[in-house]
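J.: predicted model and sequence below, questions to follow.
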Amino acid sequence: MLLLSIGFSPNVGGIETHFDDLTAALDKRGWKAWVLTYKPIATPVTAKFFERRGRNVVVYRVPWVRGIFYKLVSRPVLEFLFLVPGLFLALPVFLAWKGRRIEVVQSHGLVAGFVAAVWGKLWGKRVIMTTHSMYNFPARGLYRRLARWIFASSDKVLTLSAQSAREVVNLGVEKDKVKRFTYWVDLKKFRPVAGAKKKVGWEGKFVVLFVGRLIGEKGINELLAAAKIWSRQITLAVAGGGPMERKIQMTKSKIQNLEYLGRVEQEKLPVYYSAADVVIVPSVHEEGFGRVILEALACGTPVIGARRGAIPEAMDETVGRLIEVTPEKIKQVVEDLWRNPGKLKRLAQNARKFAQRRYGEKNIGRIIRVYSD
């Protein structure tokens, strides 16, 4: 099979982490998989054109323009036009080379979905379109018609949430074609780490941790505003990279209870999740699912999540709090958990069990079934 995407590790993000999990799980099950993607375009790291992973996974990365991705995030049409050409030119070459061995093309996102819908179908391959976010398509226009064609041209559509499934069906795509899948985490890797506060220097601190891309859609502005008005005994720790790094640094110089960790490697995240008292996901856009939620819960840490997008599908209030995101509401909920350690402890006791019940590797079965249904 072939996995087609605009991003793959070492590019950093929840989707990229899912690809790592997916390819590892496929490799373990004996699937021969190729990955065709771009070299990192959103994270300032380098990556090889060719990489072999495990026994059965091979990655090919197409070089592409760097430095402008985040400038186009708020302009989906321009972003689409920027990202399509490289994969569009690379896929037919790849299929001419490896096509006889490929039965399924699984695309991730609209850009890869468009490329797969054109070339995958011309080569007679089974095409699976996968979404990882909410698109909020306009009520009419070319963008909506193009999206409908991409989904309708695929043999099956995998969506990450019920809300995303409804969005696709509302475009006019056959309901029976749309299936749901769920992320999973490596529960051996993401687990509570003993003595974590001491290991990261947070002993005696109440820490609220944010992990993710530093962009406005993730609620960075609201979170920084909340940190300015909540108790100075509460520390906000921010891990990640992106266009708002400078704002984080500027805010850090003004308030003492903000700690910027920069980009934290995946291997080190469990200790930070375990050291935090609560993880916050204050998205102000329609979040696709929120992988950080799964990872934090697996480490036994409660989550404060925005009541937006699919976040309420990823967690409930037995393991955290769902809120409308404003600085005042963030302050209120954070301070309530800080002042009530018994309440926070009960949420933490539920967190790991919640993740074990819902987010184990068994979830890959939903994807594999679609490959051949």
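T.: Received, thanks.
J.: only C-alpha atoms for contact and neighbour calcs from this point on.
T.: Fine.
J.: can you show me the strands along the stretch 51-200 of the chain?
T.: Using DSSP state E, counting those that start in this stretch, the strands of the stretch 51-200 of the chain run over 57-62, 104-108, 126-130, 156-159, 178-180.
J.: turn these into CSV, columns for mean pLDDT.
T.: Shown next, in CSV, are the strands of the stretch 51-200 of the chain (pLDDT from 0 to 100):
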stretch, mean pLDDT
strand 57-62, 98
strand 104-108, 97
strand 126-130, 97
strand 156-159, 97
strand 178-180, 96
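J.: let's have those strands in TSV, adding mean neighbour count and distance to Glu16.
T.: Below are the strands of the stretch 51-200 of the chain laid out as TSV (neighbours: other C-alpha atoms under 10 Å; distance: least, C-alpha to C-alpha, whole Å):
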stretch	mean neighbour count	distance to Glu16
strand 57-62	18	13
strand 104-108	24	10
strand 126-130	25	13
strand 156-159	25	16
strand 178-180	19	19
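J.: so which of the ones you listed is nearest Ala196?
T.: For Ala196, the closest of these is strand 57-62, at 33.9 Å, according to C-alpha to C-alpha.
J.: so which elements touch the closest one?
T.: Judged by 3 or more C-alpha pairs under 8 Å, 6 or more residues apart in numbering; DSSP states H and E, strand 57-62 is in contact with strand 33-38, strand 50-53, helix 76-98.
J.: got the angle for it vs helix 76-98?
T.: 130 degrees (axes from the mean of the first three to the mean of the last three C-alpha atoms, to 10 degrees).
J.: going forward, begin numbering at 444 instead of 1
T.: With the count now opening at 444, the last piece we talked about shows up as strand 500-505.
J.: each with direction, which strands does strand 500-505 pair with?
T.: Applying DSSP bridges, strand 500-505 is found paired with strand 476-481 (parallel), strand 493-496 (antiparallel).
J.: which residues does stretch 770-777 contact?
T.: Applying C-alpha atoms under 8 Å, 6 or more residues apart in numbering, the external contacts of stretch 770-777 come out as 651, 665-670, 672-673, 764, 766.
J.: for it, buried residues please.
T.: 770-771, 773-774, 777 (16 or more other C-alpha atoms under 10 Å).
J.: deepest in the core, which of the helices and strands packed on strand 500-505 is it.
T.: strand 476-481 (a mean of 24; mean count of other C-alpha atoms under 10 Å).
J.: CA atoms only for it - export them in CSV, please.
T.: Written as CSV, here are the backbone C-alpha positions of strand 476-481 (Å, rounded to 0.1, in the frame of the first residue of the first chain):
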residue,chain,number,x,y,z
ALA,A,476,4.0,0.2,2.9
TRP,A,477,5.5,3.1,1.0
VAL,A,478,5.2,6.7,2.2
LEU,A,479,5.3,9.5,-0.3
THR,A,480,5.4,12.9,1.3
TYR,A,481,7.3,16.2,1.4
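J.: next, the angle from that strand to strand 547-551.
T.: Using the same axes, to 10 degrees: strand 476-481 against strand 547-551 is 40 degrees.
J.: ok, of the contacts of stretch 770-777, which come out buried?
T.: Using 16+ other C-alpha under 10 Å, the buried members of these are 651, 665-670, 673, 764, 766.
J.: domain-wise, how is this protein divided?
T.: 445-624, 639-801 (automatic domain parsing).
J.: is the closest residue to Ile754 other than its chain neighbours in a helix, a strand, or coil?
T.: For Ile754, the nearest residue in space outside its immediate sequence neighbours is Phe732; the separation is 5.3 Å by C-alpha to C-alpha, 6 or more residues apart in numbering. Assigned with DSSP: H, G, I helix; E, B strand; the rest coil, Phe732 falls in the coil class.
J.: appreciated, that's everything.
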